[in-house]
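Undergrad: only geometry, no sequence info:
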């Protein structure tokens, strides 16, 4: 057999078979290496080859069956052809040499090289291959179907089910990794915003609220001139209104509504008529949940209460948005007062400063899973009110107590971290 076929034609046919083997091997790796989410995006954008590739990958068992069918067919044909060529050239002893040579050629040129190329550039290989495989699958469907049924039957006996191979949705942490690794594809500013959105579930209203003792509001029991001064000096458009203390909240005043009250008519009782009902939320509410609640209720201000109904602080829509996009103002007074650089690597910090804000503004890594303020963090660690000049270290940051006042720490001196460690 093959005695009448010229040796050159046999070698030419062998080269064609090796090229087909390289195509099947490389395209298999390329199709299986495709980024499924990028593929879906391009398919939704109208890319024809991407749509075909997506359809093929919906049933990977049939696609693999088609590829293996073609690959084995050309490889076995190439082996038979090498045996014929070897017999024509050197007789029976040359068959063993031809088999060894074919193994090396297939390994290098039809397996390793095309698969490496496909792994490095999967889209450049997979999309043209999809244009070939899709109609080829239609033609060979009966044979591929039998192969798929047989292989799935074997897997079923081994306890593997077809549903196990479905593509799962990305978890929040996986999506966070993708955004973080996007590099130059997304600007650093937008990347940080996306990461902040993904982290909203981890942050609660307790982390961003203005604490009870720092709430600025209107006391209806105060003199009218005092109330007018609070309104005039306010940096906010909405203020809580209370009697005697913030725990006796009456409502929320939108300063824009004061335009309907003339100076002559102004009196504490006139404010009550234009107040909004106070909106209370439980402490520990995730920011992602609270953001949706603000939207649904068309509210911008909420009072955070504990399990006993006592007010712990106040949170606004702006506080949540700043958690995503950063500070709206470029010169926040609170930041200027909280941290003062004394020298290179040394800072004088207000004890009431929020730990999360310090980490964000200074690039520090102080623990945020406990107390919200620096004062609370230090007191929790020491379990007592420290004296001035007391020194300690939290996560490698040297801290010196500068000033205390009764039952709280007023200011501390923090130096840059010198070593890794946990308090």
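TA: That came in fine, so what should we check first? Since the model is a prediction, treat every value here as computed from it, not as a measurement.
Undergrad: Tell me where the stretch 101-250 of the chain has helices.
TA: For the stretch 101-250 of the chain, helices defined by DSSP state H, counting those that start in this stretch occupy the ranges 113-120, 122-139, 141-157, 172-180, 188-198, 205-208, 224-233.
Undergrad: got the contact list for residue 52?
TA: 130, 131, 133, 134 (Cβ atoms under 8 Å, 6 or more residues apart in numbering). Glycine gets a C-beta too; all of them are placed from N, C-alpha and C.
Undergrad: Just name the closest of the residues you listed to residue 229, please.
TA: For the contacts of residue 52, the residue nearest residue 229 by Cβ to Cβ is residue 130; the value is 72.6 Å.
Undergrad: For residue 85, see how far away that closest one is.
TA: Relative to residue 85, residue 130 is positioned 34 Å away (Cβ to Cβ, to the nearest Å).
Undergrad: higher neighbour count, these two?
TA: More neighbours surround residue 130 than the other of residue 130 and residue 85, with 25 against 21 (other Cβ atoms under 10 Å).
Undergrad: what sits against that one?
TA: Contact analysis of residue 130 by Cβ under 8 Å, 6+ apart lists 31, 49, 50, 52, 53, 56.
Undergrad: For the last one, give me the pLDDT.
TA: According to the per-residue confidence, residue 56 scores 89 in pLDDT.
Undergrad: didn't it look like it was pressed against residue 134?
TA: Yes. Between residue 56 and residue 134 there is a contact under Cβ atoms under 8 Å: 6.4 Å.
Undergrad: pLDDT score assigned to residue 301?
TA: For residue 301, pLDDT reads 93.
Undergrad: which ones are touching it?
TA: In this structure, residue 301 makes contact with 238, 240, 252, 279, 314, 315, 316, 317, judged by Cβ under 8 Å, 6+ apart.
Undergrad: what do you get if the cut-off is 7 Å, keeping everything else the same?
TA: Residue 301 makes contacts with 238, 252, 279, 314, 316, as judged by Cβ atoms under 7 Å, 6 or more residues apart in numbering.
Undergrad: Please identify the buried residues of the one helix or strand the second one maps to?
TA: Read that as residue 252. Using DSSP states H and E, residue 252 maps to strand 245-254. Within strand 245-254, the residues scored as buried using 16 or more other Cβ atoms under 10 Å are 246, 249, 250, 251, 252, 253.
Undergrad: what's the answer for stretch 80-100, then?
TA: Applying 16+ other Cβ under 10 Å to stretch 80-100 flags 81, 82, 83, 84, 85, 86, 87, 94, 95, 98 as buried.
Undergrad: hmm, back to that, got a winner among the contacts of residue 130 for most neighbours?
TA: That'd be residue 53 among the contacts of residue 130, by other Cβ under 10 Å, with 28 neighbours.
Undergrad: so that one touches residue 39, yeah?
TA: Yes. In terms of Cβ atoms under 7 Å, residue 53 counts as a neighbour of residue 39; the distance is 6.2 Å.
Undergrad: Low-confidence ranges, the stretch 251-400 of the chain, go.
TA: Along the stretch 251-400 of the chain, the model assigns pLDDT under 70 to residues 260-267, 327-337.
Undergrad: How far away from the center of its chain is the longest helix along the chain?
TA: Ranked by residue count and defined by DSSP state H, the top helix of the chain is helix 60-90. Its chain's C-alpha centre and that of helix 60-90 lie 46 Å apart, by Cα atoms, centre = their mean, to the nearest Å.
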